[in-house]
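Engineer: Mind looking at a prediction? Sequence and model below.
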Amino acid sequence: MNPINRKPKKFDLFNKNVWATVFITKFLILIFGLQSYQIVTDQVVDNFHAYLEMWNRWDAVNYLKIAQNGYTGHGEDRFLIVFFPLFPALTSLFQIVLRDYVISAFFVSGVASLALGLIFRELVRLDYSEKIAQFSVLFLFIFPTSYFLHIPYTESLFLALCVGCFLAARKKRWLLVGILGGLACLTRINGLILIFALVFEIWDEYRETKVFNKKWLFLLLIPSGFGIYLLINYFVAGNPVMFLVHQREHWFRYFRFPWEGIRETAKKIVYSKPGDAQMHGVQEFLFVLIGFSAIVYGWIRGLRKSYLAWMLGNWLLFVSTSFVLSVPRYTLVLFPLFILMSLAAVRNWWLNVLFTIWSILFLAIFSMQFVRGWWAF
């Protein structure tokens, strides 16, 4: 892969193509959710809040509970300690103005999704053409599980922080790297993978300058966010790693070799009922393969080492568990995947058609399943 060398350009906060991509896809996904819900359930959604509640499912409910009540060490809600604090904290903060927790959660995701689109375009433009950058943003926002970028989940916030972290590292703004990385670690545990990935950016800078830059030490700020989360565990539950205890004892999730979880997923394709075989088997297994293929293809094409490290670290985290779950959603954080899709699509018209139609068809299926209250990652 031969990136295009360009002079740094000013950050375009009001890029009309990105704004249009984010808001058009957001509008269509949310409207499609409403229409599909009414069609498949034969029920009328007669008010705005009921409409928002269609998207308030599974993890979203738990984040809103934390936003409203905080963490507790007692009762059923003690298990909510496994959910990281930044998203519910921001939801609680903005609810002071918006006066509604659900609306506030949508607001946080909405602002983060727009920031993500703008930052991602800027990052891609450092190496590639404007066309590649625009296609990358588009493929991200029409990805089959991209509805998670617009609803009360952490995906848009976490991705905006992580992509922003990479952009700051590429521009050698290491204090900003530490701050954004620390916030990412307050959002999801895989924010810690930023440390591993961004070491390759430091190495590239050192090979270029042959000088040790003291500002690289700001990278040590990244785990501070995780440290704060461990303190929350300690003060709430008396154990800094209580989240791991609950993951194992309540959700039965714990670390295993990657092939063990993948093997269990493959079995579901054969031994489960047709619906479960597709959603818990075929789709989970397919997206495991998509992530792995992106890593291999990125390595062949000479993708930046930091990007490869980010994808590899996240992929291993997804599959190194007692059972593989929600990989189609987690695949969203593999942002270099969308760069690779763009590079392939621009060169091959048929791949452009394939990626686009596949994304839109399965985005429709998954989002329809989600709003009707059936499991969709």
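Structural biologist: Perfect, thanks for sending it. Residues are numbered from 1 along each chain as shown.

Engineer: For Arg253, which non-adjacent residue is closest in space?
Structural biologist: Gln247 (4.8 Å; Cβ to Cβ, 6 or more residues apart in numbering). Bear in mind the C-beta positions are built from the backbone N, C-alpha and C, glycine included.

Engineer: Run through the helices of the stretch 51-200 of the chain in chain order.
Structural biologist: Ranges of helices in the stretch 51-200 of the chain, per DSSP state H, counting those that start in this stretch, are 59-69, 86-98, 101-125, 130-141, 155-170, 174-185, 193-209.

Engineer: for those helices, which one sits closest to Gln283?
Structural biologist: Comparison of the helices of the stretch 51-200 of the chain against Gln283 by Cβ to Cβ identifies helix 155-170 as nearest, at 17.1 Å.

Engineer: Can you give the distance of that closest one from its chain's centre?
Structural biologist: Counting by Cα atoms, centre = their mean, to the nearest Å, helix 155-170 is centred 10 Å from the centre of its parent chain.

Engineer: Just the helices from the stretch 201-350 of the chain, written as ranges.
Structural biologist: 222-237, 242-249, 258-271, 274-276, 283-300, 305-319, 327-330, 336-347, 349-371.

Engineer: Of all these, which one is nearest Ile66?
Structural biologist: With Cβ to Cβ as the yardstick, what comes closest out of these is helix 222-237 (10.5 Å).

Engineer: Now for the nearest residue to Trp55 once chain neighbours are set aside, how many residues are close by?
Structural biologist: Counting by Cβ to Cβ, 6+ apart, Trp55 lies nearest to Ile151, which is 4.1 Å off, once chain neighbours are set aside. Around Ile151 there are 27 other residues, counting by other Cβ atoms under 10 Å.

Engineer: Assess the claim that Ile151 and Ser109 are in contact.
Structural biologist: Yes: with contacts counted by Cβ atoms under 8 Å, Ile151 reaches Ser109, the gap being 6.2 Å.

Engineer: Can you get me a residue count around Val102?
Structural biologist: 20.

Engineer: Would you mind listing the residues in contact with the residue nearest to it when sequence neighbours are not counted?
Structural biologist: Distances taken as Cβ to Cβ, 6+ apart put Leu52 closest to Val102, at 5.0 Å, once the chain neighbours are dropped. Leu52 makes contacts with Val102, Ile103, Phe106, as judged by Cβ atoms under 8 Å, 6 or more residues apart in numbering.

Engineer: next one: Ile202
Structural biologist: Asn213, Trp216, Leu219.

Engineer: Need the buried ones from these selected in ChimeraX.
Structural biologist: In ChimeraX, this line selects whichever of the contacts of Ile202 come out buried by 16 or more other Cβ atoms under 10 Å:
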select :216,219
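
Engineer: Now distance to Trp349 and pLDDT too, for the contacts of Ile202, in a markdown table please.
Structural biologist: Listed next are those as a markdown table, based on distance: Cβ to Cβ, whole Å; pLDDT from 0 to 100:
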| residue | distance to Trp349 | pLDDT |
| --- | --- | --- |
| Asn213 | 44 | 95 |
| Trp216 | 43 | 97 |
| Leu219 | 42 | 97 |
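
Engineer: Now render the contacts of Ile202 as CSV, adding distance to Ile300.
Structural biologist: What follows is the contacts of Ile202, written out as CSV (distance: Cβ to Cβ, whole Å):
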residue, distance to Ile300
Asn213, 31
Trp216, 30
Leu219, 29
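
Engineer: So for stretch 194-213, what gets flagged as buried?
Structural biologist: For stretch 194-213, by 16+ other Cβ under 10 Å, it's Leu194, Ile195, Ala197, Leu198, Phe200, Glu201, Ile202, Glu205.

Engineer: rewinding a little: so which of the contacts of Leu52 comes closest to Thr209?
Structural biologist: Distances from Thr209 to the contacts of Leu52, taken by Cβ to Cβ, are shortest for Phe106, at 44.5 Å.

Engineer: from the contacts of Ile202, which single one is nearest Phe84?
Structural biologist: Nearest member of these to Phe84, counting by Cβ to Cβ, is Leu219, at 20.2 Å.

Engineer: you'd agree that closest one is up against Leu198?
Structural biologist: Yes: counting by Cβ under 8 Å, Leu219 does reach Leu198; the two are 6.1 Å apart.

Engineer: so what's in contact with the two at the same time?
Structural biologist: Val177, Gly181.

Engineer: sorry, back to before: okay, the helices of the stretch 51-200 of the chain in JSON lines with distance to Gly302 next?
Structural biologist: Output for the helices of the stretch 51-200 of the chain, formatted as JSON lines (distance: least, Cβ to Cβ, whole Å):
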{"stretch": "helix 59-69", "distance to Gly302": "36"}
{"stretch": "helix 86-98", "distance to Gly302": "34"}
{"stretch": "helix 101-125", "distance to Gly302": "16"}
{"stretch": "helix 130-141", "distance to Gly302": "15"}
{"stretch": "helix 155-170", "distance to Gly302": "16"}
{"stretch": "helix 174-185", "distance to Gly302": "24"}
{"stretch": "helix 193-209", "distance to Gly302": "13"}
